[in-house]
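In: below is the sequence, then the predicted model.
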Amino acid sequence: MLVGEAPGEVESLNGIPFTGRAGKEWIKFFEFLEMPREKVVITSIFRSRPFYEREKLDKKTGERFIRKCNQTPT
């Protein structure tokens, strides 16, 4: 069983734990152990993490978009 702190932006959008940047690292680790992800129970201790919206610039296209940025829970 793997227990995380709280879902980030990607996880909040798709509802699947550890699918963001940290999740990609965990998948590499599971592959190293030769353990399929389906054999591991993955959950979080919080339903969601507080966030704030921030305007960002896509460096490739030059377009502006709104991104949800994690903030520290209080």
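Out: All right, it came through fine. This is a predicted model, so every value here is computed, not measured.

In: quote the end-to-end distance of stretch 25-39.
Out: 17 Å (C-alpha to C-alpha, to the nearest Å).

In: could we number from 59 for the rest of this?
Out: Yes, from this point I'll number from 59; that puts the last item at stretch 83-97.

In: contact partners of that stretch?
Out: 60, 76, 98, 100 (C-beta atoms under 8 Å, 6 or more residues apart in numbering). Every C-beta, even on glycine, is put in place using the N, C-alpha and C of the backbone.

In: quick one: buried ones out of these?
Out: Phe76 (16 or more other C-beta atoms under 10 Å).

In: can you name the two of the contacts of stretch 83-97 that are farthest apart?
Out: Phe76 and Val98 (9.5 Å; C-beta to C-beta).

In: give the residues shared as contacts by the two.
Out: The contact lists of Phe76 and Val98 share Leu60, where a contact means C-beta under 8 Å, 6+ apart.

In: can you map out the helices along the chain?
Out: Assigned by DSSP state H, the helices in the chain fall at 67-72, 79-90.

In: quick one: average pLDDT of the longest one?
Out: Spelled out, it's helix 79-90. Helix 79-90 comes out with an average pLDDT of 87.

In: returning to what we had before: identify, from the contacts of stretch 83-97, the entry nearest to Glu111.
Out: Once C-beta to C-beta is applied, the member of the contacts of stretch 83-97 that ends up nearest Glu111 is Phe76, at 23.1 Å.
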